[in-house]
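[1] Pasting the sequence and the predicted model now:
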Amino acid sequence: MTKKTFVSALFTFAFFPSYDKAVEYLAEKLADPEDWDFSDASKKTYSILKNYLEHTFRKVQSEGKISYTTKNDHACFNTGLVTKNLEPIYALFETYKKPKAGKSNPQFCFKAFVKESDIQFLKIFPDNHPEIADFFQKPEDLIFNPSCKLIPQIDHIIGDNLARFPVHIQALDENERRRRLEGAIEEVKKRVKTNYKLAVPQFYNNHIQLLLPLNLTPGSPNPDLALAIYKLSPDTYTARTCLTLKMAYNNARLIVKPQSAWLKP
């Protein structure tokens, strides 16, 4: 099966003269501080923040939450991030004035990340400030229901996701991998029924799912994978896939900064 080529919706919408510097400013100077790189990163690239901005933009674009001036010469969207003082932060764009010949040029050029009270922003957008992306409609979807059954699809989880398993687990024979996975799922089923906060919500493929930690390595306190579960019926969860912890954090961060003891950057 041919792997799909990734096309950035954000970069299709606008030209960014210096994206890395803009993201660094957003992370270090403007937004309320948080970890935007994974702990094993050798240098700061703000990979979590870049993923967040791309997918947040896709969501606000699909919801029609990009605001435009009456002359259509400026645009902005709500990043969903806030300053230390809880001011909303917007991405501001202006008409792209230097199109390159022979290329398909975007209509807009990125101008700046700005807080709501920024005077230059208010001169352009005195009102019509766009709302944040709506990643969920039912708050109850964000919380695990302990009265529900959890029935995983073991064959599918292993067959389609083996490359996501730690190398030392991949090296085991098929039966041992299955035993490890089944044991980890049974353990987390018991744990989440007594601590519903163990389940972390994620946004994936336009749906809310819940993530549960899977400990496949005996004696290790740290999870190896995240099990993605979703409602099959009002009283039953199922699971067809597992994610690496980096994939899980990126998906979970779209909704809110995870306040979890097990899912961290």
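    Cool, got the structure. None of these values were measured; they are calculated from a predicted model. Residues are numbered from 1 along each chain as shown.
[2] From now on I want contacts and neighbour counts done on CA atoms only, so please keep to that.
    Will do.
[3] May I ask which helix or strand encompasses residue 242?
    Following DSSP states H and E, one finds residue 242 within strand 236-243.
[4] After the helix or strand hosting residue 48, heading C-terminal, what element do we hit next?
    In this assignment (DSSP H and E), residue 48 forms part of helix 47-62. Using DSSP H and E, the helix or strand that follows helix 47-62 towards the C-terminus is strand 67-68.
[5] what are the pairing partners of that following strand, and which direction each?
    strand 74-82 (antiparallel) (DSSP bridges).
[6] Identify the residues contacting the strand it pairs with?
    Identification of contacts with strand 74-82 by C-alpha atoms under 8 Å, 6 or more residues apart in numbering yields 31-32, 53, 56-57, 60, 65-69, 88-95, 108, 115, 124, 129-133.
[7] Could you list the low-pLDDT ranges of the stretch 51-200 of the chain?
    Residue ranges of the stretch 51-200 of the chain with pLDDT under 70: 99, 101-102.
[8] mind giving me the domain split of the protein?
    According to automatic domain parsing, the chain comprises the domains 9-124, 139-253.
[9] just to revisit the earlier point, make a PyMOL selection of the buried ones in the contacts of strand 74-82.
    Only the buried entries of the contacts of strand 74-82 go into this PyMOL selection, using 16 or more other C-alpha atoms under 10 Å:
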select buried, resi 31+53+56+57+60+65+66+67+68+88+89+90+91+92+93+94+95+108+115+129+130+131+132+133
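[10] Direction included, what does the strand holding residue 242 pair up with?
    Sheet partners by DSSP bridges: for strand 236-243, these are strand 149-152 (parallel), strand 225-233 (antiparallel).
[11] Including distance to residue 265, could the domains of the chain go into a markdown table?
    Below are the domains of the chain laid out as a markdown table (distance: least, C-alpha to C-alpha, whole Å):
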| stretch | distance to residue 265 |
| --- | --- |
| domain 9-124 | 4 |
| domain 139-253 | 7 |
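[12] mind checking the backbone torsions on the closest residue to residue 60 other than its chain neighbours?
    Take residue 60 and drop its neighbours on the chain: the residue closest to it by C-alpha to C-alpha, 6 or more residues apart in numbering is residue 133, 5.1 Å away. Here is the backbone geometry of residue 133 (degrees, to the nearest 10): phi -60, psi 140.
[13] Now do the buried residues in the strand holding residue 242.
    So strand 236-243, judged by 16+ other C-alpha under 10 Å, has buried residues 237-243.
[14] Pick the one among these closest to residue 84.
    Closest approach to residue 84 among the buried residues of strand 236-243 (C-alpha to C-alpha): residue 243, at 31.6 Å.
[15] list the contacts for that closest one?
    Residue 243 neighbours (C-alpha under 8 Å, 6+ apart): 161, 164, 225-228.
[16] what's the farthest-apart pair in the residues you listed?
    Among the contacts of residue 243, 164 and 228 lie farthest apart (C-alpha to C-alpha), at 13.1 Å.
[17] Neighbour count: these two, which is higher?
    Neighbours were counted for residue 164 and for residue 228 using other C-alpha atoms under 10 Å; residue 228 has more, 26 against 17.
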